[in-house]
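> Starting from these lines, generate the structure:
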Amino acid sequence: MVTLIVLAVTALIAAAAGGRLGFRSSFVLRGLNLARRLPRHRAALAAMCSAPAEIPTGLAAAFPIHTTTWGETGPRVLLIHGGVQGGLGGGPGTFREQKALAEKGLQLRVADRPGFGQTPSRGPDDMQADSVWASAELGDGAHLIGHSFGGAVALLAAARRPSAVRSLILIEPALIPLLPGSRAMRTNRGARADFLRMGEAWLAAQTPADYGLTLARDLGVLSQGTSDGVAIDLDRQSAQELGCALLRARVASADAMRKAAHAVGKAGIPVLIVTGGWSPTFDAVGEVSAEFTQGRHVIVRSPNHFIQLMASEAFNETATNFIQMAERSDASPPAAIGCR
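As a prediction, this is how the structure comes out:
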């Protein structure tokens with residue numbers, strides 16, 4: 001997430017400096033300060049972390065991806081979870097409330113990303129590398145659902161094999177670098193303010209543990225509810241591991257995300273972006289992602305980032321309706337409970 005913030009703030013301020021966004025001077029000055037200081041601050045914090053184990057690319061790619069299957073018949077659906085290794089969420093538990101979709105005639109396969117569940121680690125979390133195996137897991141065709149980091153992976157995977165994607169549902173995807181220069185950033189004062197608040201919170205962190213705690217707050221889960229739906233207070237060791245995992249994560253560039261989104265839109269893949277209405281920044285990401293992919297953005301009300309768990313009934317109905325629409329090749333997705 002921090003890498004996403006650094007990339008996005010830098011590009012956002014470059015656009016503002018060119019006079020294209022028309023932001024107030026206070027916003028520009030705060031953004032310039034972040035763009036100048038965040039990269040060096042991030043490097044200093046990364047130096048406090050132990051070096052990650054490096055696994056040769058060829059060997060890592062051979063490690064099997066574990067999947068859990070729910071349902072034996074019906075349209076196939078591949079689910080890609082979010083989180084970073086040592087962090088929040090991951091594995092079948094992230095989508096446990098979606099097991100009910102198997103009773104509605106869907107055949108689900110939940111993949112454990114490398115370093116989660118029963119899949120061996122392949123080194124630091126890597127969006128582009130994950131998109132390679134995710135695209136292969138689509139087989140000869142499937143609907144694709146991705147959450148957070150896994151949402152970005154799902155978008156990249158869909159761009160690799162668009163003909164194998166029957167529909168694409170992204171739940172608060174980690175596509176923050178798409179925000180700079182967008183209409184949402186030009187017109188949505190609340191999103192701009194929240195975006196800067198997030199960046200300044202990262203800058204205030206003094207240790208990797210502080211970074212981890214900041215992420216938990218930014219996802220709306222610290223002392224509110226985790227991916228398990230219960231209140232938490234991260235201990236310092238867990239927060240340190242989370243912060244270091246964030247600092248090591250390999251995030252796709254803004255250009256790669258933009259190209260993938262355009263490729264998905266050009267391919268005519270039905271796309272639904274789901275956000276929870278609790279975060280102006282993630283709602284702006286949903287709006288912009290829908291524009292790039294020529295998809296639709298809906299809000300399923302949730303108290304935090306884990307919409308598929310915290311608002312599972314509304315999300316499941318929304319996802320089922322959209323998948324059924326895609327199966328019928330209907331151009332207009334139906335309305336969904338709790339959506340805007």
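
> And for G151, the neighbour number?
Residues lying near G151 (other Cβ atoms under 10 Å) number 27. C-betas here are computed from N, CA, C, even on glycine.

> Find me the pLDDT at it, would you?
Among the per-residue scores, G151 holds a pLDDT of 98.

> who's in contact with the nearest residue to it once chain neighbours are set aside?
Counting by Cβ to Cβ, 6 or more residues apart in numbering, G151 lies nearest to P173, which is 2.8 Å off, once chain neighbours are set aside. By Cβ atoms under 8 Å, 6 or more residues apart in numbering, P173 lies in contact with 146-148, 151-152, 154-155, 273, 285, 289.

> any weak-confidence spans in the chain?
1-25, 87-92, 222-233, 330-340 (pLDDT under 70).

> can you do 50?
Residues of the chain that meet the criterion pLDDT under 50 lie in 2, 7, 10-11, 13-22, 224-231, 330-331, 333-340.

> can you map out the helices along it?
Secondary structure of the chain (DSSP state H): helices at 2-17, 25-46, 57-62, 127-137, 149-160, 183-187, 189-204, 208-218, 236-248, 254-267, 280-293, 307-310, 312-328.

> now the ones you listed in JSON lines, with distance to S167?
As requested, those are exported to JSON lines (distance: least, Cβ to Cβ, whole Å):
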{"stretch": "helix 2-17", "distance to S167": "25"}
{"stretch": "helix 25-46", "distance to S167": "36"}
{"stretch": "helix 57-62", "distance to S167": "27"}
{"stretch": "helix 127-137", "distance to S167": "15"}
{"stretch": "helix 149-160", "distance to S167": "10"}
{"stretch": "helix 183-187", "distance to S167": "24"}
{"stretch": "helix 189-204", "distance to S167": "27"}
{"stretch": "helix 208-218", "distance to S167": "29"}
{"stretch": "helix 236-248", "distance to S167": "30"}
{"stretch": "helix 254-267", "distance to S167": "11"}
{"stretch": "helix 280-293", "distance to S167": "11"}
{"stretch": "helix 307-310", "distance to S167": "16"}
{"stretch": "helix 312-328", "distance to S167": "4"}
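
> most neighbours per residue, which of those?
Between those, helix 149-160 has the highest mean count of neighbours, a mean of 28, where neighbours are mean count of other Cβ atoms under 10 Å.

> So what angle separates the directions of that one and helix 280-293?
10 degrees (axes from the mean of the first three to the mean of the last three Cα atoms, to 10 degrees).

> thinking again about what came up before, which one of the helices of the chain lies nearest to R166?
With respect to R166, and counting by Cβ to Cβ, the nearest of those is helix 312-328 at 5.5 Å.

> Against which helices or strands is that closest one packed?
strand 142-147, strand 165-171, strand 271-275, helix 307-310 (3 or more Cβ pairs under 8 Å, 6 or more residues apart in numbering; DSSP states H and E).

> TSV for these, including distance to R37?
Formatted as TSV, the helices and strands packed on helix 312-328 follow (distance: least, Cβ to Cβ, whole Å):
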stretch	distance to R37
strand 142-147	31
strand 165-171	31
strand 271-275	29
helix 307-310	32
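
> Ok, which of the ones you listed comes nearest A263?
Put simply, out of the helices and strands packed on helix 312-328 the one that sits nearest A263 is strand 165-171, at 10.8 Å, with distance taken as Cβ to Cβ.

> Measure how far the closest one is from the centre of its chain, please.
The chain centroid and the centroid of strand 165-171 are separated by 13 Å, computed with Cα atoms, centre = their mean, to the nearest Å.
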